[in-house]
Structures are given as C-alpha cells and as structure tokens.
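Asks: whatever this is, show me its structure:
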Amino acid sequence: MASGLSQGVERLAPRRLLFWKYRHLRSCSTVLVACLAHARRYFIKALLNDKAGCNQALLMFQSLYEIERTAKELEIPCDELKVMREQESVPILETFHKWLQEKYAIAQLKALSAKRCSTV
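Replies: Coordinates of the predicted model:
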C-alpha cells in the first residue's frame, strides 16, 4: 500500500509542479524535479565540519543561481533558455556531480576507518 505522500505525488504528477518563484517558467512547460535551495542548505549547515569543501560547493551553487538570475533579468525565451542551460549550467552540474562522488568516496573511507577503530 502506498503512503499518503506518494499517493499525493502520483495524483499531482500529470500537472506542472512549480513553486511561485518559478512561475515565469510556466510557459516553458517546465516540471520542477529538484530544489537546489534545499541541497544548498545542507552545505551551509556543514560549513563547521568542512569549510573548504562546503565553500567550494556553495560557489558552484552561486554560479548556477547567477545563470538563472541572468536569464530571468533578460527575459530569455524558453527555447533559448534551454540552450543557455545546456551550454552553461550542465557543465557546472557535471563538475559538481563528479566532485560530490569524490567527496562521498572519501567520506565512506573515513566512516570505514572509524568503524574499524571503534571495534578494537
């Protein structure tokens, strides 16, 4: 049996899910699939643990936000916005993804080392 949340999402899935902040994208038939603002907050919370790494991530978020801000200010049409994102945002996202994978691998090794030490 599906949870109430998943049933709600399934019911809304055919609709275009957009937050009010992104209402200007409705004409582009855009479907919001993830929220970078929430992901960004996790890096802000983790600044005390890994200042250098979190600052690097936050700079990537800043670059992505700047692209969107520019597109909104220039009122770029949907077809041009797609091209702009493919040319400017995708390379940043690919770099970010690779960086996240590297950070995750390091974190896994540290967790394994910590687990070994705790069992001694």
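Asks: report the buried residues of the host helix or strand of residue 43.
Replies: When secondary structure is defined by DSSP states H and E, residue 43 falls within helix 36-45. Under the neighbour-count criterion of 16 or more other CB atoms under 10 Å, helix 36-45 has 40, 43 buried. The way it works is simple: take the backbone N, C-alpha and C, and place the C-beta from them, glycine included.
Asks: for residue 57, which non-adjacent residue is spatially closest?
Replies: In space, residue 57 comes closest to residue 43 once its chain neighbours are excluded; the distance is 4.5 Å by CB to CB, 6 or more residues apart in numbering.
Asks: check contacts around the one you found.
Replies: Contact criterion CB atoms under 8 Å, 6 or more residues apart in numbering gives 54, 57, 58, 61 as the residues in contact with residue 43.
Asks: recalculate using a threshold of 7 Å.
Replies: Contact analysis of residue 43 by CB atoms under 7 Å, 6 or more residues apart in numbering lists 54, 57, 58.
Asks: and which of those residues is nearest residue 48?
Replies: Comparing the contacts of residue 43 against residue 48 with CB to CB picks out residue 54 as the nearest, at 8.8 Å.
Asks: name the element the closest one belongs to?
Replies: In this structure, residue 54 sits in helix 51-74 according to DSSP H and E.
Asks: tell me which residues of the very next helix or strand once past that helix come out buried.
Replies: On the C-terminal side of helix 51-74, the nearest following helix or strand under DSSP H and E is helix 78-84. Applying a neighbour-count criterion of 16+ other CB under 10 Å, the buried positions in helix 78-84 are 81, 84.
Asks: I appreciate the help and will end here.
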